[in-house]
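In: Need a 3D model of the sequence below.
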Amino acid sequence: MQKPEPMCLFFLSGLNETSRNHRSALFFLSLMCYCITVLVNVCLILIIILNNELHEPMYILLCAFCMNALYGTAGFYPKFLSDLLSPVHVISYSGCLLQAQVLYSFACSDLSILALMAYDRYLAICRPLEYHSVMSVQKVMKLASFSWLTSVFIVAVNIFLTYKLKLCSPYINRLFCVNWSIVSLACFSNETSINEIVANITILIYILHGFFIVWSYMYIIKRCASSIENRAKFLQTCVPHLISLSTFILTILIDIINNRLSSADLAKTLQNFIAMEFLVIPPLINPLIYGFKLTKIDTFIVLFLIKKKLAS
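Out: Presented below is the predicted three-dimensional model:
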């Protein structure tokens, strides 16, 4: 059998059925979406950095959450916007692996940070006397950095195993590169068993993150049921976390199901929406949710606008 040649380029066919007029409209909509996403995340990061009152564990984690959103969207939007303006949608082999690394390390990091947020709220509400000794700002920064680096490493192991595969097709039927789409191009299916095992272990690790979050909130809700003060704290600080968590998990689950199951019966437009929603919806709405729901951030924004108005 002739040895397969190494891949240099991949052809992305996700936009092949989208007309030129629709691509133009989608380009301006996507550009606006990206600009708003960058703006709201950068604003929230700056508000937290510039306001000393927000140098607390919960807000440090929120800052890390927004930084991770900027990291993930930077791996998607520039290439997607370029493809909308181009008649040919290609990406280099190394660029494809890098994009898969960025997008899925972003998703894994998001869940890790949400788990840290849940633990932070658990300590604040259920074990308030231990909170400041366990969750110092320095410790939270180390935990956030560790969770991000761990996610990058775990995804990198998956990408490295994909890099070792011999591929027999350069065509990816997606808008962007994801690891499993590349693995499915392998010449010999028996060589992908280790990829599947490691991918399933990775999914299991982050499912356990999800169980930990659920466990934390079960204890929080149980504690809040018997105290009006804790109930108010729960509504103020935990509801945004739960909304973010629900949005994120729903979009990721839909994407995993779309990746693993046959979706030939779905319209290409719907497939594209399913594929990109975890990269578009959470990074856009999370800063808005936290900005409007967390009192300290909301107060800072209102005071800033009042000062601006008085100055003018």
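
In: for the chain, what spans make up the strands?
Out: With DSSP state E as the definition, the chain shows strands at residue ranges 9-12, 90-92, 171-172.

In: Present those as a markdown table; the columns should include mean neighbour count, mean pLDDT and distance to C108.
Out: Every residue, glycine included, has its C-beta placed from N, CA and C. As requested, these are exported to a markdown table (neighbours: other CB atoms under 10 Å; pLDDT from 0 to 100; distance: least, CB to CB, whole Å):
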| stretch | mean neighbour count | mean pLDDT | distance to C108 |
| --- | --- | --- | --- |
| strand 9-12 | 18 | 88 | 23 |
| strand 90-92 | 16 | 92 | 22 |
| strand 171-172 | 16 | 88 | 21 |
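
In: As CSV, the ones you listed with distance to Y59 would be great.
Out: What follows is the strands of the chain, written out as CSV (distance: least, CB to CB, whole Å):
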stretch, distance to Y59
strand 9-12, 38
strand 90-92, 37
strand 171-172, 39
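
In: Pick out the residue closest to the middle of this structure.
Out: The chain has A107 as the residue nearest its centroid, 3.6 Å off, counting by CA atoms, centre = their mean.

In: where's that residue relative to V178, distance?
Out: Going from A107 to V178 by CB to CB, to the nearest Å gives 10 Å.

In: Per-residue confidence at the spatially closest residue to S136 that is not a sequence neighbour, what does it come out as?
Out: With CB to CB, 6 or more residues apart in numbering as the criterion, S136 has its nearest non-adjacent residue at 7.4 Å, and that residue is P57. pLDDT recorded at P57 is 91.

In: And for R231?
Out: In the predicted model, R231 carries a pLDDT score of 69.

In: now the one 10 residues further on
Out: Here the pLDDT value assigned to H241 is 76.

In: ditto for L204
Out: L204 carries a pLDDT value of 93.

In: Same question for L294.
Out: In the predicted model, L294 carries a pLDDT score of 66.

In: Then N51?
Out: With respect to pLDDT, N51 scores 85.

In: now swap in L261 and tell me
Out: So L261 comes in at 62 (pLDDT).

In: show me the residues around F188 that make contact.
Out: Contact analysis of F188 by CB atoms under 8 Å, 6 or more residues apart in numbering lists K166.

In: Tell me the spacing between it and Q99.
Out: Distance, F188 to Q99, using CB to CB: 24 Å.

In: again with I60
Out: Noted for I60: a distance of 29 Å to Q99, by CB to CB.

In: Between those two, which is the more surrounded one?
Out: A direct count of neighbours by other CB atoms under 10 Å for I60 and Q99 places I60 higher, at 23 against 19.

In: how about the nearest residue to that one, chain neighbours excluded?
Out: For I60, the spatially nearest residue (CB to CB, 6+ apart) is V140, at 4.9 Å.

In: Over to L167?
Out: L185 (4.5 Å).

In: what about W215, distance to L208?
Out: As defined by CB to CB, W215 lies at a distance of 10 Å from L208.

In: if I pick G72, what's in contact with it?
Out: Residues in contact with G72 (CB under 8 Å, 6+ apart) are V102, L103, F106, A107, D110, L279, P283.

In: what's the burial count for the second one?
Out: Applying other CB under 10 Å, we find 22 residues neighbouring L103.

In: list the contacts for it?
Out: Contacts for L103 (CB under 8 Å, 6+ apart) come out as G72, G75, F76, F176, C177, V178, L279.

In: Among these, list the two that are farthest apart in space.
Out: Spatially, the most separated pair among the contacts of L103 is G72 and C177, at 13.8 Å (CB to CB).

In: Restricted to helices, list the contacts of G72.
Out: Among the contacts of G72, the members falling in helices (DSSP state H) are V102, L103, F106, A107, D110, L279, P283.
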